[in-house]
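Enquirer: below is the sequence, then the predicted model.
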Amino acid sequence: MENRNHKPSLEEVQSWPVPLQQLELAMLCDSPVPLVAQQAQEHLFVEISTATPQLICQLWEEQERAQAVI
Amino acid sequence: MVRVIRDQDLDDPTIEEYVHFPTPGRLAPSVPVVAQDQAQPVAQSVAQAQNIESVPVTDSVAQGQNSDRVPSSSPVAQSPIMPPVPVAHSVAQSRVSLVAQRSNRRSCATSGTLALRSAKINNLPKGKSHTVPPPKIAGHEWRQAGAGWSLWRRVPTISATGKRTSERKYVRYITQSAIERIYNRNGKSKPQTKS
């Protein structure tokens, strides 16, 4: 069984149902990168609708960038 | 009610008097015993209290008629001395209590089944009722995976034998903490955000 998540593309995130997009954002709150976790937490508790797919992809990119630097 | 004892009553009774004696169990030990001169006012006060007409017993006893010592029609033999015991009522009460005990036993015996039913109604996984289930998503299904849940998308297909089936395609893995965070977001607790 596959349990590890990969970085999703924008098209993939846009095809997801809204509850899954919010759950993905909640997953990013547990990111090992503190800045990503803080941004995800701030956005999760604000009303979000259409900005969610873009925001998720942006946070994923920031996370990968930070991990690459480390 | 009131029994009067005279000096001649204390003598040894004859056989005829034994016949008229009440049986030992008929007289309760709480029968008030008064002297002959006090019998009339006490009887009147008791009769007034119980709304009974004038009692003829004391008159006959005062005249010394031993044959009327315990007349069958007098209120003394009728029953305030020995009140009837409500046997049927007590039996009914005991039956009611037995039925209540049995119903309690039945409810205790089915409590385990009820707990399972409530778990099914709440869509809680077996044995892990403390974990919060993820929200339902149409066309998808959640499977427990480790400490979290994995989301699978159902894809309806037709098998080689022509049967309708559905394939599952893996979508995403979500941790339990993320699910709880979503529920807390929709509920009460919100973390502090920057102003």
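Expert: Sure, I can see it.

Enquirer: dump the helix or strand harbouring residue A:58 to PDB, restricted to CA.
Expert: Element membership for residue A:58, per DSSP states H and E: helix A:51-69. What follows is helix A:51-69, C-alpha atoms only, in PDB (Å, rounded to 0.1, in the frame of the first residue of the first chain):
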ATOM      1  CA  ALA A  51      -7.100  29.900  -3.900                       C
ATOM      2  CA  THR A  52      -6.600  26.500  -2.400                       C
ATOM      3  CA  PRO A  53      -5.000  24.500  -5.300                       C
ATOM      4  CA  GLN A  54      -2.600  27.300  -6.100                       C
ATOM      5  CA  LEU A  55      -1.800  27.700  -2.400                       C
ATOM      6  CA  ILE A  56      -1.200  24.000  -2.000                       C
ATOM      7  CA  CYS A  57       1.200  23.900  -4.900                       C
ATOM      8  CA  GLN A  58       3.000  27.000  -3.700                       C
ATOM      9  CA  LEU A  59       3.500  25.500  -0.200                       C
ATOM     10  CA  TRP A  60       4.700  22.300  -1.700                       C
ATOM     11  CA  GLU A  61       7.300  24.200  -3.800                       C
ATOM     12  CA  GLU A  62       8.500  26.100  -0.800                       C
ATOM     13  CA  GLN A  63       8.800  22.900   1.200                       C
ATOM     14  CA  GLU A  64      10.900  21.200  -1.500                       C
ATOM     15  CA  ARG A  65      13.100  24.300  -1.800                       C
ATOM     16  CA  ALA A  66      13.700  24.500   1.900                       C
ATOM     17  CA  GLN A  67      14.500  20.800   2.100                       C
ATOM     18  CA  ALA A  68      16.900  21.000  -0.800                       C
ATOM     19  CA  VAL A  69      18.700  23.800   0.900                       C
END
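
Enquirer: and that helix, what's buried?
Expert: Residues of helix A:51-69 classed as buried: A:52, A:53, A:55, A:56, A:57, A:59, A:60, A:62, A:63 (neighbour count, 16 or more other Cβ atoms under 10 Å in any protein chain shown). C-beta coordinates here come from the backbone N, C-alpha and C atoms, glycine included.

Enquirer: where does chain B have low pLDDT?
Expert: Counting by pLDDT under 70, chain B shows low-confidence ranges at B:1-130, B:186-195.

Enquirer: actually, chain A.
Expert: Applying pLDDT under 70 to chain A picks out residues A:1-3, A:47-50, A:70.

Enquirer: please redo it, this time with the cut-off set to 80
Expert: Low-confidence segments of chain A (pLDDT under 80): A:1-4, A:46-51, A:69-70.

Enquirer: what segments of it are helices?
Expert: Along chain A, the segments classed as helices by DSSP state H run A:10-15, A:18-28, A:34-44, A:51-69.

Enquirer: so can I have TSV of the ones you listed showing distance to chain B?
Expert: Formatted as TSV, the helices of chain A follow (distance: least, Cβ to the nearest Cβ, whole Å):
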stretch	distance to chain B
helix A:10-15	9
helix A:18-28	4
helix A:34-44	5
helix A:51-69	11
